[in-house]
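Undergrad: 3D, please:
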Amino acid sequence: MKITDVACHILQCKVDKPFVSARGWVYGTRSSCVVEISTDEGITGWGECYGPSAVAKTFIETQYKARVVGRDPFDVEAIWEDLYNRIKDYGTTGMAISAISGIDIALWDIMGRAVGKPVHKLIGGAYRGEVIPYATGLYFIDMDRLIEEAVEEALEFKNDGFRAIKMKIGLGDLKLDAKRVAAVRQAIGPDLKLAVDANHCFTVPNAIKLGRMLEEHDLLWFEEPISPEDHDGYVEVTRALDMAVAGGENDFTRWGFRDVIAKKAMDIVQPDLCAAGGFSECRKIATLASAFGVECVPHAWGSAIGLAATVQFLAALPDQPPAFRPMPPMLEFEQTPNPLRDHLAQEPVEQKKGIVKVPTGPGLGIEIDRDVLKKYKVA
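TA: Take a look at the predicted model:
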């Protein structure tokens, strides 16, 4: 089997209700760079790149495509190393790796389709046939109803069957953040799991101060409390708090995670398959984390392709740690408006009663709806 083409599709759609994170960014549009890889045996694989779509497309078309066409997709890790070495002088992080990620995911999809097996069977086998999702949401929309809207949305997730929720914090007022989290915890009760995500907006002292204010609410984790570059700062925050600290969605490759994991700068690392290097590299990151007793709970944000890839990856992750009643890694299932997540696959990944079934079809386990692809394609 030989690769005959690598095509990029930039997809974009407007959302009905824009939302805001702690960074102050207004999300009014959802977009994605989808990678389609064709072969001479008629098998097509799909991948996705995290981040600015046009940048990923440019990397793939100008730096990677010529080195991929003509290769055997089963040489997936050899291809990964070749692409990485091609851009090592100027692209060891960021969009250069995101672009490789999309290619890598598509190659694993091809291999799974070629042998009639889901990707999780190729990367170690199924530790589980279903995963527990947590709903990511509770962004900032109505600045005059920040507490009320958070409570209302959290109760919607509870009524939808979710067993865990991750809410956004980082309003610039620590007391308001604490009050908002307290209101959500009171509304959903003690049995639903609750995590918070600051999108790296705090200083080390303020992250520690707020973390201590939130400890009484029995949180799953405090995600990205500070800037991702400040690994020593993460050590300070992690050591100071009696709750798990998480991060890593803005880190790339095994080398980017190496020192974070080795010094246990955080309790949970969150590589994104569509950013950190695809299946090939995230397997290495997860193994490195396991060797140092650090949990791996992948970040997920994007279309149906990235979501399906994350589910396949989670199916093949061991319990952390193994135990009589284990705590398996959870699936981030963000719930902000996104037609690319909900409609791009003919049979989308869905949660029912707090469970997401792991697709057992070949490759990623989903089929792309080309009519939807065409509808949202802008380049």
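
Undergrad: what's near enough to touch the most centrally placed residue in the chain?
TA: Centroid-nearest residue in the chain: A300, 1.9 Å away (criterion: Cα atoms, centre = their mean). Listed by Cβ atoms under 8 Å, 6 or more residues apart in numbering, the contact partners of A300 are D272, L273, G306, L307, T310, L331, E332, F333, E334. Backbone N, C-alpha and C define where each C-beta goes, glycine included.

Undergrad: 10 Å - rerun?
TA: Neighbouring residues of A300 by Cβ atoms under 10 Å, 6 or more residues apart in numbering: 50, 133, 136, 249, 270, 272-274, 306-311, 313-314, 331-334, 341.

Undergrad: Then E148?
TA: Contacts of E148 (Cβ under 10 Å, 6+ apart): D142, R180, A183.

Undergrad: Now do the phi/psi pair for it.
TA: The phi and psi values for E148, taken as degrees, to the nearest 10, are phi -60, psi -40.

Undergrad: How many residues are close by N85?
TA: Neighbours of N85 under the rule other Cβ atoms under 10 Å: 10.

Undergrad: CA atoms only for the helix or strand encompassing P205, dumped as PDB, please.
TA: Secondary-structure element containing P205, defined by DSSP states H and E: helix 204-214. Extracted in PDB, the C-alpha atoms of helix 204-214 (Å, rounded to 0.1, in the frame of the first residue of the first chain):
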ATOM      1  CA  VAL A 204       1.800  31.600  41.100                       C
ATOM      2  CA  PRO A 205       0.700  33.400  44.300                       C
ATOM      3  CA  ASN A 206      -2.800  33.900  43.100                       C
ATOM      4  CA  ALA A 207      -3.100  30.400  41.800                       C
ATOM      5  CA  ILE A 208      -2.100  29.100  45.200                       C
ATOM      6  CA  LYS A 209      -4.400  31.500  47.000                       C
ATOM      7  CA  LEU A 210      -7.400  30.600  44.900                       C
ATOM      8  CA  GLY A 211      -6.600  26.900  45.000                       C
ATOM      9  CA  ARG A 212      -6.700  27.000  48.800                       C
ATOM     10  CA  MET A 213     -10.100  28.800  48.700                       C
ATOM     11  CA  LEU A 214     -11.400  26.000  46.400                       C
END
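
Undergrad: So which other helices or strands are in contact with that helix?
TA: helix 174-188, strand 193-197, strand 222-223, helix 231-240 (3 or more Cβ pairs under 10 Å, 6 or more residues apart in numbering; DSSP states H and E).

Undergrad: 8 Å - rerun?
TA: helix 174-188, strand 222-223, helix 231-240 (3 or more Cβ pairs under 8 Å, 6 or more residues apart in numbering; DSSP states H and E).

Undergrad: deepest of these, which one?
TA: Of all the helices and strands packed on helix 204-214, strand 222-223 carries the top mean neighbour count, a mean of 28, counting by mean count of other Cβ atoms under 10 Å.

Undergrad: For that one, give the mean pLDDT please.
TA: For strand 222-223, mean pLDDT rounds to 98.

Undergrad: mind listing what it pairs with, with the direction of each?
TA: Strands that pair with strand 222-223, judged by DSSP bridges, come out as strand 193-197 (parallel), strand 245-247 (parallel).

Undergrad: Format the ones you listed as TSV; extra columns: mean neighbour count.
TA: Supplementary listing: the strands paired with strand 222-223 in TSV, determined by neighbours: other Cβ atoms under 10 Å:
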stretch	mean neighbour count
strand 193-197	24
strand 245-247	26
